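A.B. asks: got a sequence here, can you build the structure:
(chains A and B)
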Amino acid sequence: GENVEQHPSTLSVQEGDSAVIKCTYSDSASNYFPWYKQELGKGPQLIIDIRSNVGEKKDQRIAVTLNKTAKHFSLHITETQPEDSAVYFCAARTWGGGSNYKLTFGKGTLLTVNP
Amino acid sequence: EADIYQTPRYLVIGTGKKITLECSQTMGHDKMYWYQQDPGMELHLIHYSYGVNSTEKGDLSSESTVSRIRTEHFPLTLESARPSHTSQYLCASRGRPDTQYFGPGTRLTVL
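C.D. replies: As a prediction, the model looks like this:
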């Protein structure tokens, strides 16, 4: 089955700096890669996603890049703010049997933005 | 904003009690999921459903059971709760084409 590795597990940055979180996946058939942000006491929320036919996607201060050959994808947050502090999860869509798929998640990165 | 709800948000119960965690969504999604989230943050898929009368076990073995009698409702039941069941339980549903929406979670503590 699919295996998604996420690094680092914790990341501390100063406000205004950039933060980068990296993930690798094992199943070359995976073709959809979402990123989720989980704030304390809440469920994960989708913040950006990318499909395998695209190499990069940007939404304001966040961007995701995908390297299909190397099977890795990354989340980039620029000009970080204290409200960016949260746990971030990457995921890869994998085959779940029949015509259905499931998401395999990385283990999460705790991002702390220091004022 | 996703329309997926979980109740209760917090639950503290004694060992041996039967509990049901409720999950409902108003988006008409066929595919629904239950995850267990440990204190180390990792998400473990414990159950999923592709539609009414469809339930499957996930990657992590769980003593809980689920049912899917209506599209919008996907409850999770523990027949006899134990301290090892203490965890955060997250429900999710998936719409087209791939977006998976999570509920706010139920934090369960078994004494």
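
A.B. asks: what residues does chain A put near chain B?
C.D. replies: Listed as neighbours of chain B in chain A under the rule CB under 8 Å from any CB of the partner chain: A:1, A:32, A:34, A:36, A:38, A:41-46, A:49, A:87, A:89, A:93, A:96, A:98, A:100-103, A:105, A:107-108, A:110. Every residue, glycine included, has its C-beta placed from N, CA and C.

A.B. asks: so where's the chain uncertain?
C.D. replies: Just going to use chain A. A:95-100 (pLDDT under 70).

A.B. asks: if you could check chain B rather than the one you did, that'd help
C.D. replies: Those would be B:1-2, if you go by pLDDT under 70 across chain B.

A.B. asks: residue nearest the centroid of it?
C.D. replies: B:Trp34 (3.5 Å; CA atoms, centre = their mean).

A.B. asks: for that residue, give me its contacts.
C.D. replies: B:23, B:45-48, B:58, B:64, B:66, B:74, B:76, B:89-92 (CB atoms under 8 Å, 6 or more residues apart in numbering or on different chains).

A.B. asks: run the last query once more with 6 Å
C.D. replies: If you count contacts by CB atoms under 6 Å, 6 or more residues apart in numbering or on different chains, B:Trp34 has them with B:Ile46, B:His47, B:Leu76, B:Cys91.

A.B. asks: point me to the helix or strand that includes the nearest residue to A:Phe73 once chain neighbours are set aside.
C.D. replies: Nearest non-adjacent residue to A:Phe73, counting by CB to CB, 6 or more residues apart in numbering or on different chains: A:Leu66, 4.4 Å away. Here A:Leu66, judged by DSSP states H and E, is contained in strand A:62-67.
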